[in-house]
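Trainee: What follows is a protein structure lacking sequence information:
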């Protein structure tokens, strides 16, 4: 299993740093498919792995002068409160319509960035 | 000043959405920093990685308490990611700004497709 995990780490680090995202997009499905993790365990484990990959990415970019710490703080600190609210609400609402709505928003922003 | 308030609100909203839908905050931080604060794509991505850390820290701590984290797997994946990170940073910095932004746009659409697919699959099975 260790060679698989090393592969997952390298690929996740690459995509996470290339796109400035944590890498959960890669880690979660790979842990599910390659290592037969269930979704919850995969997400939780991915979140912890992302601590390391995101810190490594932030440090590497910072060494090249690309990180704007003020911008990161303004968006990253309020997000902590937001996540706590989001995970609490998740237990209480019907998700399907909401998720389709959110997917549409992502498509709209994606198109805005494409053009 | 106004845009900083907007970014702060979008950060909180991004956190809510990330918690609700189980996507990373970065997928929302990067477009916010590009479209509202007008950072370059590379600066937005670099800053997003720093912005992810507090959320990931709080989230990991909670998930660890719930006993959902396989710490050994997380350490192996996290440590080996550092090599991949170097390649990703090099590529992001060498790609033309517009191309990197467009690739990110395509990534957002792919994530949207994946979310929709997860819902379709889940609605055919019993809830967890």
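Mentor: That came through, no problem. Nothing here was measured: the structure is a model prediction, and the numbers come from that model. Residues are numbered from 1 along each chain as shown, chains lettered A, B, ... in the order given.
Trainee: what sits against the spatially most central residue of chain A?
Mentor: Of all residues in chain A, the one closest to the mean position by CA atoms, centre = their mean is residue A:22, 3.8 Å from it. Residue A:22 makes contact with A:16, A:46-47, A:50, A:53-54, B:24-26, B:49, B:52, B:56, according to CB atoms under 8 Å, 6 or more residues apart in numbering or on different chains. For the C-beta atoms, the positions are set from N, CA and C on the backbone; glycine is no exception.
Trainee: most residues in a single helix of chain B, which one?
Mentor: Assignment by DSSP state H gives helix B:97-123 as the longest helix of chain B.
Trainee: Okay, angle between the lowest-mean-pLDDT helix or strand in chain A and helix B:97-123 too, please.
Mentor: Here the helix or strand of chain A ranked lowest by mean pLDDT, DSSP states H and E is helix A:95-114, holding a mean of 86. With axes from the mean of the first three to the mean of the last three CA atoms, to 10 degrees as the basis, helix A:95-114 and helix B:97-123 are set at 170 degrees to each other.
Trainee: any idea how chain A splits into domains?
Mentor: Listed domain ranges for chain A are A:1-67, A:68-115 (source: automatic domain parsing).
Trainee: Dump those domains to TSV, plus distance to residue B:85.
Mentor: Output for those, formatted as TSV (distance: least, CB to CB, whole Å):
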stretch	distance to residue B:85
domain A:1-67	4
domain A:68-115	17
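Trainee: Which of these has the highest mean neighbour count?
Mentor: The highest mean neighbour count among the domains of chain A, using mean count of other CB atoms under 10 Å in any protein chain shown, belongs to domain A:1-67: a mean of 22.
Trainee: That one: end-to-end distance?
Mentor: One end of domain A:1-67 sits 35 Å from the other (CA to CA, to the nearest Å).
Trainee: quick check: mean pLDDT across that domain?
Mentor: Mean per-residue pLDDT for domain A:1-67: 93.
Trainee: any idea how far it is from the chain center?
Mentor: 8 Å (CA atoms, centre = their mean, to the nearest Å).
Trainee: ditto for stretch A:65-84
Mentor: Distance, centroid of stretch A:65-84 to centroid of chain: 14 Å (CA atoms, centre = their mean).
Trainee: do it and chain B meet at all?
Mentor: Yes - using CB under 8 Å from any CB of the partner chain, we find that stretch A:65-84 touches chain B at A:66-69, A:71-84.
Trainee: Can you name the residues that contact the closest residue to residue A:46 other than its chain neighbours?
Mentor: Once flanking residues are discounted, residue A:46 sits nearest to residue A:27: 4.0 Å by CB to CB, 6 or more residues apart in numbering or on different chains. If you count contacts by CB under 8 Å, 6+ apart, residue A:27 has them with A:8, A:12, A:42, A:45-46, A:49-50, B:77.
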